[in-house]
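In: sequence? don't have it. structure:
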């Protein structure tokens with residue numbers, strides 16, 4: 001009997017192969033898109049989940065309160081983690097991690113390693129990063145010990161065993177010893193490193209004061225606690241701990257510090273403090289919803305087309321019932337047909353996923369999976385999804401078809417009734433509600449990204465080439481040599497460039513009441529040319545000048561936000577005000593117009609600029625717009641002459657600044673592609689319904705043509721019902737789309753306003769899509785010969 005069911009199911013699918021093709025195509029596209037998105041969501045949710053002790057690892061963070069502001073820092077003071085471990089028995093181990101950007105050399109090889117960290121010796125005891133060679137408890141104990149990733153080890157040592165061998169690190173060329181080799185850190189870790197230098201290199205040699213620094217913040221801190229420890233109860237003990245060690249220091253500096261614990265496994269997606277790799281729980285929710293929506297749309301297509309064709313199967317059902325078929329047997333028959341359709345779609349989905357996964361990895365910027373078959377659980381998940389769709393999408397059609405009354409059917413008095421029509425209309429409305437929400441989201445995301453790309457930044461980033469070279473006499477000589485190259489307009493030195501990160505400093509600035517007000521302010525170290533190099537606008541006072549010797553020792557420049565922070569309504573009033581900052585005292589000599597020195601996702605913060613040549617390790621070169629390649633080649637020649645030990649690397653400022661929006665750009669691209677697929681699947685369903693509706697009304701169309709109906713009248717007749725459904729969907733979708741996208745935009749400090757025309761455009765697009773889809777069959781029916789449709793009457 002089962003064999004007979006399968007044979008009949010296959011015959012029915014083949015007999016109506018046009019509708020079968022639409023169903024299988026829609027399901028295949030829907031399952032492929034949804035599965036890829038669910039793989040992405042699963043990957044995002046898996047961050048830091050591979051650590052066996054992950055549930056008991058916390059990041060230590062700090063709120064730093066000054067009289068001027070409250071800073072939510074992602075790091076504690078240097079002395080906090082080791083002293084927490086000493087004083088609290090609940091804490092098994094603590095580890096500090098600090099990012100490094102250092103020159104590494106071996107013989108003729110030289111690389112600027114930007115993905116390096118320094119860490120305490122407990123690093124491999126707290127985290128489960130796998131060591132291929134070396135003792136986890138020993139590899140980072142001694143100063144100048146270094147652990148390399150497997151890929152980095154091959155880069156420097158090829159196939160030879162690197163353990164015990166040396167690498168020269170930093171510009172000073174310190175000898176470091178390779179003590180361990182680790183597996184490349186998985187991509188789903190917020191901690192990333194190609195090499196790890198022992199922190200004892202600093203605490204026992206290069207900067208012995210770090211372990212006693214209670215007001216210096218630079219390294220992330222993590223603790224591993226006992227499984228029975230309550231994190232909130234442990235947090236409640238921290239105020240007394242800080243009072244004991246740094247209470248007097250905080251009172252003297254008029255600062256308050258509060259420590260908090262953040263669970264390791266929620267850092268990537270939920271922490272708002274930074275230092276976690278830039279995950280977004282909002283994006284995870286959005287992609288999860290889109291994946292479900294796409295599956296829902298594909299399932300709706302299946303249900304709609306199957307129930308719409310129920311009249312064609314009515315006589316078959318009637319005869320089967322007369323022959324003694326039970327309702328349950330008929331239901332199983334039709335559910336079986338549904339499952340067969342979904343299994344065919346499953347096979348196509350597997351093929352599409354294998355083909356598209358590398359492209360999807362490129363689009364997402366992450367290797368979310370090496371391949372579908374790299375983890376067979378993925379295949380079984382996909383099979384399970386296919387079977388569930390087949391069962392659930394087939395339940396309603398099977399119940400409708402199996403409940404037909406044989407007497408009415410065989411007399412020819414059967415009709416689908418109002419309930420079936422209402423269901424199909426409701427499902428079409430749901431489909432287009434989802435589609436309009438996605439179209440609106442795409443329009444808003446595109447406009448927000450366009451706004452960010454074209455927003456006035458307050459500085460000139462065109463044709464600016466950035467070179468990194470530590471301060472030295474060679475650096476200064478190199479700068480002078482570059483100045484003389486044809487094609488170079490001018491150069492400047494600084495510690496930071498917009499979008500590239502910067503220091504912050506405990507500062508005291510005279511406010512409008514004449515008092516020294518404490519604040520933690522962002523800080524750029526610059527030279528005389530920096531402000532003119534970036535076309536920053538002076539609002540009051542002057543820029544740094546070689547004509548004033550004290551500019552390099554007693555002067556500071558503020559931006560507008562800093563001036564407002566200290567109570568000055570007019571920038572001119574701040575000129576001459578006193579300041580103290582990091583051991584320097586002097587006066588404010590100028591105020592610059594605010595510019596975006598960080599992402600547009602953040603508000604412009606108070607900024608200070610001062611001169612200190614030893615802090616300038618960036619050379620900014622303004623290039624002429626012609627012969628750029630030749631100019632860069634000439635700069636490289638000069639580099640090789642003055643800094644032969646260092647690799648020549650450069651970036652253009654506009655490229656590095658736009659890298660801040662890489663995650664948002666990828667999100668926008670993925671949203672656009674999957675929204676397009678969702679709309680395509682909706683159109684496939686609408687195409688099938690339009691074809692069926694046209695088929696059911698072919699005699700009516702023939703009669704109308706005979707009595708003089710025009711092509712446009714027939715097209716309108718067949719289209720108007722669908723257009724009504726799209727308009728209802730538009731009314732439902734608009735407030736949903738507004739709420740979702742308004743919530744998404746809240747992550748941006750500078751954002752577009754959601755305009756009425758965006759909804760009109762999305763609704764108009766949906767109507768155009770529906771009209772074009774329905775018109776294909778409507779026009780085909782309107783130009784057909786009415787004799788053919790009326791011949792059987």
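Out: Great, that's in hand. The structure displayed is predicted, hence computed values, not measured ones.
In: do you have the helices of the stretch 601-750 of the chain handy? List them.
Out: 628-642, 653-658, 662-696, 698-706, 711-745 (DSSP state H, counting those that start in this stretch).
In: hey, which of the ones you listed is tucked in deepest?
Out: With neighbours taken as mean count of other C-beta atoms under 10 Å, the helices of the stretch 601-750 of the chain reach their highest mean count in helix 662-696, at a mean of 20. Backbone N, C-alpha and C define where each C-beta goes, glycine included.
In: chain neighbours aside, what residue packs nearest to residue 300?
Out: Leaving aside its chain neighbours, residue 300 sits nearest to residue 427 (4.5 Å; criterion: C-beta to C-beta, 6 or more residues apart in numbering).
In: actually, residue 175.
Out: residue 166 (5.0 Å).
In: the residue nearest to residue 300 reaches residue 305, doesn't it?
Out: No - counting by C-beta atoms under 8 Å, residue 427 does not reach residue 305; the two are 10.3 Å apart.
In: more crowded one of these two?
Out: Neighbours per residue (other C-beta atoms under 10 Å) separate residue 427 from residue 305, with residue 305 holding more: 24 against 21.
In: wait, a strand at the more buried one?
Out: No - Residue 305: not assigned to a strand; according to DSSP: H, G, I helix; E, B strand; the rest coil it is helix.
In: now do the longest strand anywhere in the chain: distance to the chain's middle.
Out: Scanning the chain for the strand with the most residues, using DSSP state E, yields strand 91-106. Once both centres are worked out by C-alpha atoms, centre = their mean, to the nearest Å, strand 91-106 turns out to sit 26 Å from its chain's centre.
In: so for the residue nearest to residue 175, what's the pLDDT?
Out: With respect to pLDDT, residue 166 has a value of 95.
In: same deal with the one 10 residues further on?
Out: pLDDT, residue 176: 95.
In: that one belongs to a strand?
Out: Yes - applying three-state DSSP, one finds residue 176 inside a strand.
In: correct me, but it touches residue 146?
Out: Yes - when contacts are counted by C-beta under 8 Å, residue 176 is listed as touching residue 146 (4.4 Å).
In: between these two, which one's more packed in?
Out: Neighbours per residue, other C-beta under 10 Å: of residue 176 and residue 146, the larger number sits with residue 146, 24 against 21.
In: and the more buried one, bridged to which residues?
Out: residue 178, residue 197 (DSSP bridges).
In: mind listing what's buried along stretch 147-154?
Out: Across stretch 147-154, burial judged by 16 or more other C-beta atoms under 10 Å covers 147, 148, 149, 152, 153.
In: can you pull out the residues in contact with that stretch?
Out: With C-beta atoms under 8 Å, 6 or more residues apart in numbering as the test, stretch 147-154 has contacts from 113, 131-132, 134, 139-140, 156, 162, 178-185, 193-196.
In: report the buried members of those residues.
Out: Counted by 16+ other C-beta under 10 Å, the contacts of stretch 147-154 give 113, 134, 139-140, 156, 162, 178-182, 185, 193-196 as buried.
In: out of the residues you listed, which are inside strands?
Out: Per DSSP E, the buried ones among the contacts of stretch 147-154 map to strands at 113, 178, 179, 180, 181, 182, 195, 196.
In: where are the low-confidence patches of the stretch 251-400 of the chain?
Out: For the stretch 251-400 of the chain, the stretches with pLDDT under 70 are 307-317, 320-327, 329-330, 370-375, 393, 397, 400.
In: where do the strands sit along it?
Out: Using DSSP state E, counting those that start in this stretch, the strands of the stretch 251-400 of the chain run over 256-263.
In: can you give me the helices for it?
Out: 267-270, 281-308, 310-322, 327-364, 376-402.
In: burial-wise, tell me which of these comes out on top.
Out: Buried most deeply of those, by mean count of other C-beta under 10 Å, is helix 281-308, with a mean of 22.
In: for that helix, which helices and strands make contact with it?
Out: Judged by 3 or more C-beta pairs under 8 Å, 6 or more residues apart in numbering; DSSP states H and E, helix 281-308 is in contact with helix 17-45, helix 267-270, helix 327-364, helix 376-402, helix 417-454, helix 662-696, helix 711-745.
In: how far off centre is the fourth one?
Out: Centroid displacement of helix 376-402 relative to its chain, using C-alpha atoms, centre = their mean, is 32 Å.
In: circling back to that earlier point, report the contact partners of the residue nearest to residue 300.
Out: Contacts of residue 427 (C-beta under 8 Å, 6+ apart): 300, 303, 304.
In: before we move on, back to that, including distance to residue 17, could the helices of the stretch 251-400 of the chain go into JSON lines?
Out: Putting the helices of the stretch 251-400 of the chain into JSON lines (distance: least, C-beta to C-beta, whole Å) gives the following:
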{"stretch": "helix 267-270", "distance to residue 17": "45"}
{"stretch": "helix 281-308", "distance to residue 17": "13"}
{"stretch": "helix 310-322", "distance to residue 17": "14"}
{"stretch": "helix 327-364", "distance to residue 17": "12"}
{"stretch": "helix 376-402", "distance to residue 17": "18"}
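In: of the ones you listed, which is nearest residue 677?
Out: Smallest distance to residue 677 across these (C-beta to C-beta): 6.5 Å, for helix 281-308.
In: now do that closest one against helix 17-45, angle only.
Out: For helix 281-308 against helix 17-45, the angle between stretch directions is 160 degrees (axes from the mean of the first three to the mean of the last three C-alpha atoms, to 10 degrees).
In: if we can go back for a sec, of all the helices of the stretch 601-750 of the chain, which lies closest to residue 451?
Out: helix 711-745 (10.3 Å).
In: average pLDDT for that closest one?
Out: Mean predicted lDDT for helix 711-745 stands at 86.
In: before we move on, what about stretch 530-545?
Out: The average pLDDT within stretch 530-545 is 96.
In: which residues are in contact with it?
Out: So stretch 530-545 is in contact with 458-461, 464, 490-494, 498, 524, 526-528, 551-552, 555, 557, 560, 570-572, 574-575, 588-593, 595, 609, 611, 620, 622, going by C-beta under 8 Å, 6+ apart.
In: quick one on the thing from earlier: please convert the ones in strands among the buried ones among the contacts of stretch 147-154 to JSON lines, extending it with distance to residue 482.
Out: Putting these into JSON lines (distance: C-beta to C-beta, whole Å) gives the following:
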{"residue": "113", "distance to residue 482": "24"}
{"residue": "178", "distance to residue 482": "36"}
{"residue": "179", "distance to residue 482": "40"}
{"residue": "180", "distance to residue 482": "40"}
{"residue": "181", "distance to residue 482": "40"}
{"residue": "182", "distance to residue 482": "39"}
{"residue": "195", "distance to residue 482": "30"}
{"residue": "196", "distance to residue 482": "35"}
